[in-house]
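In: next one to model:
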Amino acid sequence: MRLITTHALVGGLALAATAANAAPSSPQQLSFASTEAPSISAASWLSSGISSLLKSAAGDKTIYDVITTHAEFSKLAKAVNYSSEETKDLLKGKTGGKLTLFAPKDWKMPHHKRDDEMTDAHLAQVGTSWALLDQKVEAFEAAEALRESSDDDDDDDDDEKRRRRRMLAKFIDSVLAYHLVDTSHPLKASSIAQNSTVATKLSITGKLANYIGKLSDGQPLRLRVGKSLVPKPGVYLNFYSRVVYPDVELANGIIHVVDYPLFQFPSILQGLYFTQPQFSTLTSAFQKTKSDGYLALPPMKHHGGHDGHNESHSDHHHHQHRRPDFSDPKGTEAATLFAPSNAAWDRLPWSFRAYLFSPWGRDLLGKVLMLHSIPDDIVYADSVHHVHRNGRNRSSSVATTTTSMENGANVTRYTFDSVLPKLRRGHDTPPPDEAKEFEQVDVAVYRYYLLPGSKGPLQTRMEVQGVPVLIQDVVNLNGAGHLITKFIKPKGHPHEGVWADVAREASAYGFGEVDLMEEARVEAW
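Out: Numbering: from 1, shown residues only. Okay, here's the model as predicted:
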């Protein structure tokens, strides 16, 4: 299982506009654009003296000019200086057309943790990832200084310098690509705020995909877009980076100044670990069932195409049916997890919790987790991508997609196959790679304006099987995560499905009786 920083992993290397009250033209890639001015003025977002400098920069200067000539961007400028010539030409406007760039001004990491665990987790990732970038730059500079101090003119040294320089440029190019929006025209902050995620110009393809896996199926990696009125109003990217000065219009595009550089969790699994203690019970459940490898990244390929695992990992292969697409340590390149928080586990009847974490409950605990996992589908509120794989018995995971209007909200509904094969009482459960039917989960996405009269930013919320998603669209290299505070239940009668099996087994092993009909009525968990 790999637990590494995002761009240590990556470092080898249009938004569809539609009206909010109309059905999206493509439910697979839902995005909205707006021509309205932001409901929160740009001045109210400003937190530094950068305003007057950027106002004077707007006009005929390029994005490259602004980054490399203003002291407020000294950290970003240092990275740009070591990027490839292709990236420099892109920022200079010589290639690539008009750009939309989130440009981090010089920042300091906070000394104290914030109240928001998700923000703290992402900021920890930022500190680690940018420190790695600094280390790579400093190591290159030190090697060059040592080389220049010697009198050796060996051509081999020149070749090594070019190799190091090329590798450093690829690393930095990937960092910068995650700050560029994948769009054919510049997007103002008001348009960005109408989305819950936006695609970036960073994707895992080509030779890099052969080495680390075709993460997110080679699709552009996404940024989460959040809107907030407190404690500071504005747009927040990936939970933590606030747009402090939007809409700096330049000759070759738009800059939106943000207060921290942008990174994401390397994997769904690592995202859970970073947000401890929010998911401490869930991570324990994955470890107990030896299915945590399902959420990890695939092992890196070494020379000869072999992965980094050896026989010491063989215990990960054992689970109830040797499920190769769930508990195998090979990880996953693309998936979605609806992650029950500690609050969800606390809501369970005591007998269920006690049984599931007992020596007798591991089999059904694994099935509960499988019901919350969607394989081969990357499901964000405004973007759904299905991975087509050869040799799968599944029909299309997106079984149905419908769009309608309900109480002034635009509603899109999906049905997905989970990892869990269809449970039939009195029959053995086949492994997922042999199953022909799977337990399905319904996902509903609601879009509505925050203010009457279709005013203000467009808000998005999700439900899964009728359970509200508390925190949606946690972006990861290998898929999407969503936090829920109640458990998903299978479709059908309460006395059927995985929870009915849990009730029967908990009672049989002496953990107590649970009235599933009453539990369904009160909807406590």
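
In: E406 and R461, how far apart?
Out: Distance of E406 to R461, given as CB to CB, to the nearest Å: 12 Å. From N, CA and C alone the C-beta is placed, and that goes for glycine too.

In: and F438, how many neighbours?
Out: Neighbourhood size, F438 [other CB atoms under 10 Å]: 24.

In: same question, E160
Out: By the criterion of other CB under 10 Å, E160 has 13 neighbours.

In: gap between it and E144?
Out: With distances taken as CB to CB, E160 is found 11 Å from E144.

In: shared neighbours of E406 and R461, which are they?
Out: Counting by CB atoms under 8 Å, 6 or more residues apart in numbering, the common neighbours of E406 and R461 are Y446.

In: who has more neighbours out of those two?
Out: Shown here are E406 and R461; by other CB under 10 Å, R461 has more neighbours (16 against 10).

In: ok, then the element right after the helix or strand hosting L146?
Out: For L146, the host element (DSSP states H and E) is helix 117-149. Next along the chain after helix 117-149, taking DSSP H and E as the criterion, comes helix 155-177.

In: run through the residues that contact L483.
Out: By CB under 8 Å, 6+ apart, the contact set of L483 is Q278, A339, S341, V469, L470, I471, Q472, V474.

In: based on its surroundings, how many neighbours for the closest residue to it other than its chain neighbours?
Out: In this structure, L483 finds its nearest non-sequential neighbour in I471, 3.9 Å apart by CB to CB, 6 or more residues apart in numbering. Burial of I471 is recorded as 20 neighbouring residues (other CB under 10 Å).

In: look up phi and psi at the closest residue to V445 other than its chain neighbours.
Out: Excluding the flanking residues, the one nearest V445 by CB to CB, 6+ apart is T412, at 4.7 Å. Dihedral pair for T412: phi -120, psi 130, per degrees, to the nearest 10.

In: so T412 sits against T402, correct?
Out: Yes - counting by CB atoms under 8 Å, T402 is a contact partner of T412 at 7.2 Å.

In: okay, those two: which has more neighbours?
Out: Legend: neighbour count by other CB under 10 Å for T412 and T402, higher for T412 (21 against 12).

In: look up how far L202 lies from the more buried one.
Out: Separation of T412 from L202 (CB to CB) stands at 26 Å.

In: equivalent analysis for I192, please.
Out: Using CB to CB, I192 is found at 17 Å from L202.

In: and V137, by the same measure?
Out: V137 sits 19 Å away from L202 when distances are taken as CB to CB.

In: quick one, which of the two is more surrounded?
Out: L202 (25 against 17).

In: contacting residues for the more buried one?
Out: V10, S174, A177, Y178, L180, P220, L221.

In: could you rerun that using 10 Å?
Out: L202 makes contact with 7, 10, 13, 173-180, 182, 216, 220-223, 262, 264, 477 under the criterion CB atoms under 10 Å, 6 or more residues apart in numbering.

In: what does I484 give?
Out: Counted by CB under 10 Å, 6+ apart, I484 has contacts 337-341, 343-344, 372, 462-465, 467-472.

In: report the buried members of the residues you listed.
Out: Buried members of those, scored by 16 or more other CB atoms under 10 Å, are 337-341, 344, 372, 462-465, 467, 469-472.

In: just to revisit the earlier point, for the helix holding L146, buried residues please.
Out: Here helix 117-149 shows 117-123, 125-127, 129-130, 132-133, 136-137, 140 as buried, counting by 16+ other CB under 10 Å.

In: and the angle for that helix with helix 155-177?
Out: Taking axes from the mean of the first three to the mean of the last three CA atoms, to 10 degrees, one finds helix 117-149 and helix 155-177 inclined to each other by 160 degrees.

In: other SSEs contacting helix 117-149?
Out: helix 6-10, helix 74-81, helix 155-177, strand 222-228, strand 241-250, helix 268-274, strand 467-476 (3 or more CB pairs under 10 Å, 6 or more residues apart in numbering; DSSP states H and E).

In: adding mean pLDDT and distance to D292, write these out as CSV.
Out: Formatted as CSV, the helices and strands packed on helix 117-149 follow (pLDDT from 0 to 100; distance: least, CB to CB, whole Å):
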stretch, mean pLDDT, distance to D292
helix 6-10, 42, 18
helix 74-81, 95, 34
helix 155-177, 87, 26
strand 222-228, 92, 23
strand 241-250, 94, 29
helix 268-274, 89, 6
strand 467-476, 96, 14
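
In: export these as a markdown table, with columns for distance to F286.
Out: Below are the helices and strands packed on helix 117-149 laid out as a markdown table (distance: least, CB to CB, whole Å):
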| stretch | distance to F286 |
| --- | --- |
| helix 6-10 | 20 |
| helix 74-81 | 36 |
| helix 155-177 | 29 |
| strand 222-228 | 23 |
| strand 241-250 | 29 |
| helix 268-274 | 8 |
| strand 467-476 | 15 |
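
In: figure out which of those is closest to G512.
Out: Among the helices and strands packed on helix 117-149, the nearest to G512 by CB to CB is strand 467-476 (24.4 Å).

In: mean confidence (pLDDT) on the next helix or strand after that closest one, please.
Out: Per DSSP H and E, strand 467-476 leads on to strand 479-484 as the next helix or strand towards the C-terminus. The average pLDDT for strand 479-484 rounds to 97.
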